[in-house]
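Participant: sequence and computational prediction follow.
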Amino acid sequence: MKKGLLIIVSGPSGAGKGTVLKHILADTDHFYYSVSATTRPMRPGDVDGVSYHFISREEFEKKIARDEMLEYAEYVGNLYGTPLAPIEKNLSEGKHVILEIETQGALKVMEKRPDAVSIMIVPPDAKTLLKRLTDRETESAETIQKRMEQAKFELSHFYDYDYVVINRDDADDVAAADILNIVDAEMKKTSRNGEIKDNYFT
């Protein structure tokens, strides 16, 4: 069985990553969403194994020592990271693994896994991004400004990604189709299909 793709998906808050990925992850036979692990306590509404894999700091540190985390970082006193075992299991079963991750973590994964396909999802422009963040009406003007600054940082790494997908208003299905087209093209790369040549000359 041909291995699946490890797909890194990043983008600023307000890009609509979650909505776009919902379209893709409806196909559970071909796609698997990587769930991060964390040492932070569960909050109301959290579901273990869905929101995060909630584990103790001791267990998390053991996983780091055993090289069982693809990447990890500490934020506000808690550890967050990507367990490697579920990724390798699903890739070996031919599923495409989607790793939705912020830019700093994505860069670490790109360095560690050059075979990964990296995609940045962005709104069409800064004006649209600001409108989306403002229309949520859930955050202060100060928080929105911080998110806009973070978006600038993320976009400063634009050329580190293999592909960019523009998520226009009311067109998340189109953005999802773009990602599926990228996956299809990647699976047709000659570097991933050497066995076809062997069928002719062995």
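Facilitator: Everything's here; your move.
Participant: please make it C-alpha for all contacts and neighbour counts, starting now.
Facilitator: Fine.
Participant: per-residue pLDDT of T28, please?
Facilitator: T28 is assigned 86 on the pLDDT scale.
Participant: scratch that, G105
Facilitator: pLDDT for G105: 88.
Participant: what's the neighbour count on it?
Facilitator: Neighbour count for G105, taken as other Cα atoms under 10 Å: 18.
Participant: before we move on, which element is it in?
Facilitator: In the assignment (DSSP states H and E), G105 maps to helix 103-112.
Participant: contacts only, for the one residue sitting closest to the centre of the chain.
Facilitator: Centroid-nearest residue in the chain, with Cα atoms, centre = their mean: E100, separated by 1.9 Å. By Cα atoms under 8 Å, 6 or more residues apart in numbering, the residues touching E100 are I8, V9, S10, Y33, S34.
Participant: right, and the second one touches I121 too?
Facilitator: To tie it back to what came earlier, the one meant is V9. Yes. Between V9 and I121 there is a contact under Cα atoms under 8 Å: 7.1 Å.
Participant: can you check which residues contact both of those two?
Facilitator: Both V9 and I121 are contacted by K17, under the criterion Cα under 8 Å, 6+ apart.
Participant: burial measure for M187, as a count.
Facilitator: 16.
Participant: pLDDT score assigned to it?
Facilitator: Reported pLDDT for M187: 96.
Participant: with adjacent residues omitted, what lies nearest to A116?
Facilitator: Excluding the flanking residues, the one nearest A116 by Cα to Cα, 6 or more residues apart in numbering is L6, at 4.9 Å.
Participant: ok, which stretches of the protein are helices?
Facilitator: Ranges of helices within the chain are 17-25, 57-65, 84-92, 103-112, 126-135, 141-155, 172-187, 194-201, based on DSSP state H.
Participant: let me see the contact set for the residue lying closest to H157 once chain neighbours are set aside.
Facilitator: For H157, ignoring the flanking residues on the chain, the nearest one in space by Cα to Cα, 6+ apart is T103 at 7.7 Å. Contact partners of T103, counting by Cα under 8 Å, 6+ apart, are S10, G11, E154, H157.
Participant: alright, I will stop here.
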